[in-house]
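Student: Have a look; sequence and predicted model below, questions after that.
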Amino acid sequence: MNANDILRHIYATCNWVNPETTVDRVIAGDAEKPVRSALVTWISSRQACREVVARGADLLVTHEPTFWNHRDDRSKEDDADSLAKQREIDESGLVILRLHDSWDLSLAPASPSPGRSSWALPARRRRSHRIVTSTATISIR
């Protein structure tokens, strides 16, 4: 299994996500690299990226952008911090998968009030298939 396989699964099970317009995609790294384990984070900060590498995981799944703008648009000239972060990611071999639209909209009809994302729901209101951010390691067999 690799990051592209995981992303295809997300697209197949989250029919509200339009693959042509979503920000849910592989942000960095080799999307075909085999994934044995992954860590999930809210923000893929440099510290989070380093922690994933230190723990020996292959994949970092993140909700927020890695490079400080919503679409992770790298077409503009990057600042020194972005370039240094990209260099660290490249050197580590880390793969970063962003899942934003699939998480935010997964329970939108069940949200208790307009504008409240599904991740903010109490655990008893979440569906069992819901992906929830945590610090736990996810083993992929």
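Tutor: Arrived safely.
Student: any residues touching the longest helix seen in the chain, and which ones?
Tutor: Longest helix in the chain by number of residues (criterion: DSSP state H): helix 80-92. Applying C-beta atoms under 8 Å, 6 or more residues apart in numbering, the external contacts of helix 80-92 come out as 28-29, 46, 49-50, 53, 66-68, 74, 78, 96. Yep, even glycine has a C-beta here, placed from its N, CA and C like the rest.
Student: show me the contacts for Thr62.
Tutor: Applying C-beta under 8 Å, 6+ apart, we find Thr62 in contact with 27, 40-44, 48, 96-99.
Student: repeat that for 7 Å
Tutor: 41, 43-44, 96, 98 (C-beta atoms under 7 Å, 6 or more residues apart in numbering).
Student: Next, give phi and psi for it.
Tutor: Phi and psi for Thr62, reported as degrees, to the nearest 10, are phi -130, psi 150.
Student: Pretty sure Thr66 sits against Arg25.
Tutor: No - counting by C-beta atoms under 7 Å, Thr66 does not reach Arg25; the two are 10.9 Å apart.
Student: joint contacts of the two?
Tutor: Overlap of the contact sets of Thr66 and Arg25 (by C-beta under 7 Å, 6+ apart) consists of Arg98.
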